[in-house]
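Undergrad: I would like to see how this sequence folds:
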Amino acid sequence: MIKVVILWILRLVAAIIMLQTLFFKFTAAPESIYIFSKLGMEPWGRIGIGILELLAAILILYPRTTGFGAVLATGLMAGALLSHLTKLGIVVQDDGGLLFIYALLVFVSSTLLAWVYRAQVLHLLFKPKSTVL
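TA: Below is the predicted model:
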(Lines give C-alpha, C1' and ligand atoms only; values in the text may rest on other atoms or scores of the structure.)
Protein backbone atom coordinates (compact mmCIF):
# COMPACT_ATOMS: atom_id res chain seq x y z
CA MET A 1 0.00 0.00 0.00
CA ILE A 2 2.77 2.47 0.91
CA LYS A 3 4.63 1.61 -2.30
CA VAL A 4 1.52 2.32 -4.38
CA VAL A 5 1.04 5.70 -2.67
CA ILE A 6 4.70 6.66 -3.16
CA LEU A 7 4.59 5.68 -6.83
CA TRP A 8 1.45 7.75 -7.37
CA ILE A 9 3.05 10.73 -5.64
CA LEU A 10 6.07 10.42 -7.97
CA ARG A 11 3.75 10.15 -10.99
CA LEU A 12 1.73 13.18 -9.93
CA VAL A 13 4.78 15.33 -9.17
CA ALA A 14 6.27 14.66 -12.60
CA ALA A 15 3.02 14.92 -14.55
CA ILE A 16 1.60 18.00 -12.81
CA ILE A 17 4.80 20.00 -13.19
CA MET A 18 5.12 19.11 -16.88
CA LEU A 19 1.43 19.79 -17.55
CA GLN A 20 1.52 23.10 -15.65
CA THR A 21 4.43 24.42 -17.73
CA LEU A 22 2.63 23.57 -21.00
CA PHE A 23 0.36 26.58 -20.63
CA PHE A 24 3.39 28.87 -20.83
CA LYS A 25 4.96 27.00 -23.75
CA PHE A 26 1.79 26.77 -25.82
CA THR A 27 0.64 30.35 -25.18
CA ALA A 28 4.06 31.78 -26.08
CA ALA A 29 4.58 33.35 -22.67
CA PRO A 30 7.45 35.87 -22.71
CA GLU A 31 9.60 33.77 -20.36
CA SER A 32 9.21 30.70 -22.61
CA ILE A 33 10.06 32.74 -25.69
CA TYR A 34 13.13 34.12 -23.89
CA ILE A 35 14.32 30.65 -22.84
CA PHE A 36 13.90 29.01 -26.22
CA SER A 37 15.30 32.03 -28.07
CA LYS A 38 18.40 31.88 -25.89
CA LEU A 39 18.71 28.17 -26.75
CA GLY A 40 18.19 28.88 -30.47
CA MET A 41 15.04 26.75 -30.53
CA GLU A 42 12.23 29.30 -30.80
CA PRO A 43 9.43 28.61 -31.81
CA TRP A 44 9.63 24.99 -32.98
CA GLY A 45 11.72 23.77 -30.06
CA ARG A 46 9.28 25.30 -27.59
CA ILE A 47 6.30 23.69 -29.30
CA GLY A 48 8.04 20.36 -29.92
CA ILE A 49 9.31 20.07 -26.35
CA GLY A 50 5.82 20.99 -25.13
CA ILE A 51 4.27 18.19 -27.17
CA LEU A 52 6.85 15.70 -25.87
CA GLU A 53 6.22 16.82 -22.27
CA LEU A 54 2.47 16.39 -22.79
CA LEU A 55 3.05 12.89 -24.14
CA ALA A 56 5.40 12.04 -21.24
CA ALA A 57 2.87 13.26 -18.65
CA ILE A 58 0.05 11.21 -20.20
CA LEU A 59 2.22 8.10 -20.39
CA ILE A 60 3.36 8.52 -16.77
CA LEU A 61 -0.22 8.77 -15.49
CA TYR A 62 -1.38 5.61 -17.27
CA PRO A 63 0.01 2.67 -15.25
CA ARG A 64 0.60 0.39 -18.26
CA THR A 65 2.88 3.00 -19.85
CA THR A 66 4.44 4.68 -16.82
CA GLY A 67 7.91 3.32 -17.64
CA PHE A 68 7.89 4.76 -21.15
CA GLY A 69 6.71 8.17 -19.99
CA ALA A 70 9.29 8.16 -17.23
CA VAL A 71 12.14 7.43 -19.65
CA LEU A 72 10.93 10.19 -21.98
CA ALA A 73 10.55 12.66 -19.08
CA THR A 74 14.00 11.77 -17.73
CA GLY A 75 15.55 12.55 -21.11
CA LEU A 76 13.64 15.81 -21.49
CA MET A 77 14.57 16.97 -18.01
CA ALA A 78 18.21 15.98 -18.50
CA GLY A 79 18.18 18.34 -21.48
CA ALA A 80 16.48 21.07 -19.44
CA LEU A 81 18.97 20.73 -16.59
CA LEU A 82 21.90 20.75 -19.00
CA SER A 83 20.49 23.89 -20.64
CA HIS A 84 20.22 25.58 -17.25
CA LEU A 85 23.75 24.62 -16.29
CA THR A 86 25.37 25.63 -19.59
CA LYS A 87 23.37 28.43 -21.27
CA LEU A 88 20.48 29.70 -19.19
CA GLY A 89 21.81 29.76 -15.68
CA ILE A 90 19.99 28.40 -12.66
CA VAL A 91 18.03 31.64 -12.22
CA VAL A 92 16.15 32.69 -15.36
CA GLN A 93 14.69 36.19 -15.49
CA ASP A 94 14.61 36.57 -11.70
CA ASP A 95 12.59 33.37 -11.11
CA GLY A 96 14.73 32.47 -8.10
CA GLY A 97 15.70 29.18 -9.73
CA LEU A 98 12.11 27.90 -9.74
CA LEU A 99 12.26 26.45 -13.28
CA PHE A 100 15.53 24.71 -12.42
CA ILE A 101 13.96 23.24 -9.26
CA TYR A 102 10.93 22.06 -11.24
CA ALA A 103 13.17 20.38 -13.81
CA LEU A 104 15.15 18.75 -11.00
CA LEU A 105 11.97 17.48 -9.29
CA VAL A 106 10.67 16.00 -12.54
CA PHE A 107 14.09 14.50 -13.29
CA VAL A 108 14.33 12.79 -9.89
CA SER A 109 10.70 11.61 -9.93
CA SER A 110 10.85 10.27 -13.46
CA THR A 111 14.24 8.62 -12.92
CA LEU A 112 12.85 6.75 -9.90
CA LEU A 113 9.76 5.77 -11.90
CA ALA A 114 11.89 4.62 -14.83
CA TRP A 115 13.86 2.40 -12.46
CA VAL A 116 10.78 0.92 -10.79
CA TYR A 117 9.04 0.32 -14.14
CA ARG A 118 12.15 -0.74 -16.05
CA ALA A 119 10.59 -4.13 -16.80
CA GLN A 120 7.94 -2.39 -18.96
CA VAL A 121 10.57 -0.75 -21.12
CA LEU A 122 12.90 -3.75 -21.23
CA HIS A 123 10.00 -6.04 -22.19
CA LEU A 124 9.25 -3.88 -25.22
CA LEU A 125 12.91 -3.57 -26.23
CA PHE A 126 13.72 -7.24 -25.77
CA LYS A 127 10.40 -8.85 -26.59
CA PRO A 128 10.85 -12.57 -27.28
CA LYS A 129 10.75 -13.33 -31.00
CA SER A 130 8.04 -15.63 -32.24
CA THR A 131 9.30 -18.96 -33.56
CA VAL A 132 6.23 -19.64 -35.69
CA LEU A 133 7.17 -20.47 -39.29
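Undergrad: longest helix in this structure, please.
TA: The residue-count maximum for a helix in the chain (DSSP state H) belongs to helix 2-26.
Undergrad: from the centroid of this protein, which residue is nearest?
TA: residue 73 (2.7 Å; CA atoms, centre = their mean).
Undergrad: skipping adjacent residues, who's closest to that residue in space?
TA: Nearest non-adjacent residue to residue 73, counting by CB to CB, 6 or more residues apart in numbering: residue 110, 3.7 Å away. (C-beta placed from N, C-alpha, C; glycine too.)
Undergrad: can you get me the centre-to-centre distance for stretch 99-108 and its chain?
TA: 9 Å (CA atoms, centre = their mean, to the nearest Å).
Undergrad: again with stretch 3-19
TA: Chain-centre distance of stretch 3-19: 12 Å, with CA atoms, centre = their mean.
Undergrad: where does the prediction get shaky in this protein?
TA: 128, 130-133 (pLDDT under 70).
Undergrad: ok, and what's touching the longest helix of the chain?
TA: 29, 31-32, 46-47, 49-50, 53-54, 56-58, 60-61, 66, 70, 73, 99, 102, 105-106, 109-110, 112-113, 116 (CB atoms under 8 Å, 6 or more residues apart in numbering).
Undergrad: repeat for stretch 68-79
TA: So stretch 68-79 is contacted by 14, 18, 49, 52-53, 55-62, 103-104, 106-107, 109-111, 113-114, 117, 120-121, 124 (CB under 8 Å, 6+ apart).
Undergrad: returning to that earlier point: now which of the contacts of helix 2-26 would you call buried?
TA: Listed as buried from the contacts of helix 2-26 are 32, 46-47, 49-50, 53-54, 56-57, 60-61, 66, 70, 73, 99, 102, 105-106, 109-110, 112-113, 116; burial here means 16 or more other CB atoms under 10 Å.
Undergrad: just to revisit the earlier point, take the contacts of helix 2-26 and keep only those in helices.
TA: Secondary structure assignment by DSSP H places 31-32, 46-47, 49-50, 53-54, 56-58, 60-61, 66, 70, 73, 99, 102, 105-106, 109-110, 112-113, 116 of the contacts of helix 2-26 in helices.
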